[in-house]
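Enquirer: For reference, the sequence and a predicted model appear below.
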Amino acid sequence: MSYVEKNLVPGETLLYQTRHHWIVLLGPLFIALLLGIPGLWLLTEVAAKRPEIQQYSASIPGGMRTALIVGVILVLVALINLGWGMTKRNATEMAVTNRRVLIKTGLGSRRTLDLMLSRVESIGVVETMWGRMLGYGDVIVHGTGGTPESFVLISHPQEFRRQVQQQIGAHEIGGSDETRKT
């Protein structure tokens, strides 16, 4: 269960949810390839020479043992780096409910923003050319009387802003109807 789902209050409905765009995985993927390919190459070289080694001796010579250890370490570091990037990507949640805007970032240390729709002053979106083509950008949330909160490399930032604006409009119409009834 996600942070947003755990923190819904009674009567609140989750309407839209997004997170970091997959583009944030390019750095960890590049490092994983940079380390993993040489590691796999070392492991295949050791595996290719294994029949020769078994023919003459039961133990692995020092140079081959070193290649095996370095290959395993490189592949493990590559996998750990890629796993860390994926975990970090999934640690960011942005959601719009019928009452609030909820944003959570961070894994070990957490940063959250729960802003009532009536307190949202504006939402800015910054998209580069590549961001527009691939569907990512930065979202800047301005609350009344508060400082702007920036969230980078968010998937579908225009849709997130549209959902917030739509709920603010629905909230204002609902609020004005209640005012008329009393």
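Expert: Looks like it came in fine.
Enquirer: Could you pull out the buried residues of the helix or strand of the chain with the lowest mean pLDDT?
Expert: Lowest by mean pLDDT, DSSP states H and E among the helices and strands of the chain is helix 157-181, with a mean of 75. Neighbour-count burial for helix 157-181, with 16 or more other CB atoms under 10 Å as criterion, is recorded at 157, 160, 161, 163, 164, 167, 168, 171. Just so you know, the C-beta spots here come from the backbone N, C-alpha and C atoms, and that holds for glycine as well.
Enquirer: go on, stretch 129-145?
Expert: So for stretch 129-145, counting by 16+ other CB under 10 Å, buried means 131, 135, 136, 137, 138, 139, 140, 141, 142, 143.
Enquirer: for stretch 113-125, same thing?
Expert: Buried, per 16+ other CB under 10 Å, within stretch 113-125: 113, 114, 115, 117, 120, 123, 125.
Enquirer: Not counting its own residues, what contacts it?
Expert: With contact meaning CB atoms under 8 Å, 6 or more residues apart in numbering, stretch 113-125 is reached by 7, 99-104, 137-144, 148-149, 157-158, 160-161, 164-165, 167-168, 171, 175.
Enquirer: do that again at 7 Å, thanks
Expert: Stretch 113-125 has contacts (CB atoms under 7 Å, 6 or more residues apart in numbering) with 99-103, 137, 139-144, 149, 157-158, 161, 164, 167-168, 171.
Enquirer: State the mean pLDDT of that stretch.
Expert: Summarised as a single mean, pLDDT over stretch 113-125 is 90.
Enquirer: Endpoint to endpoint, it covers what distance?
Expert: Terminal residues of stretch 113-125 lie 17 Å apart, using CA to CA, to the nearest Å.
Enquirer: now stretch 105-115
Expert: One end of stretch 105-115 sits 15 Å from the other (CA to CA).
Enquirer: And residue 12, its phi and psi?
Expert: phi -90, psi 140 (degrees, to the nearest 10).
Enquirer: give the contact list for it.
Expert: Contact analysis of residue 12 by CB under 7 Å, 6+ apart lists 97, 98, 99.
Enquirer: Count the residues that sit near the first one.
Expert: Using other CB atoms under 10 Å, residue 97 has 22 other residues around it.
Enquirer: The helix or strand harbouring residue 112 pairs with which strands, and in what direction?
Expert: Using DSSP states H and E, residue 112 maps to strand 111-116. With DSSP bridges as the test, strand 111-116 is paired with strand 100-105 (antiparallel).
Enquirer: now the angle from the strand it pairs with to helix 157-181?
Expert: 150 degrees (axes from the mean of the first three to the mean of the last three CA atoms, to 10 degrees).
Enquirer: The residue nearest the centre of the chain and residue 153: what is the separation?
Expert: Here the mean C-alpha position of the chain is nearest to the C-alpha of residue 89 (CA atoms, centre = their mean), at a distance of 2.0 Å. To residue 153, residue 89 is 9 Å away according to CB to CB, to the nearest Å.
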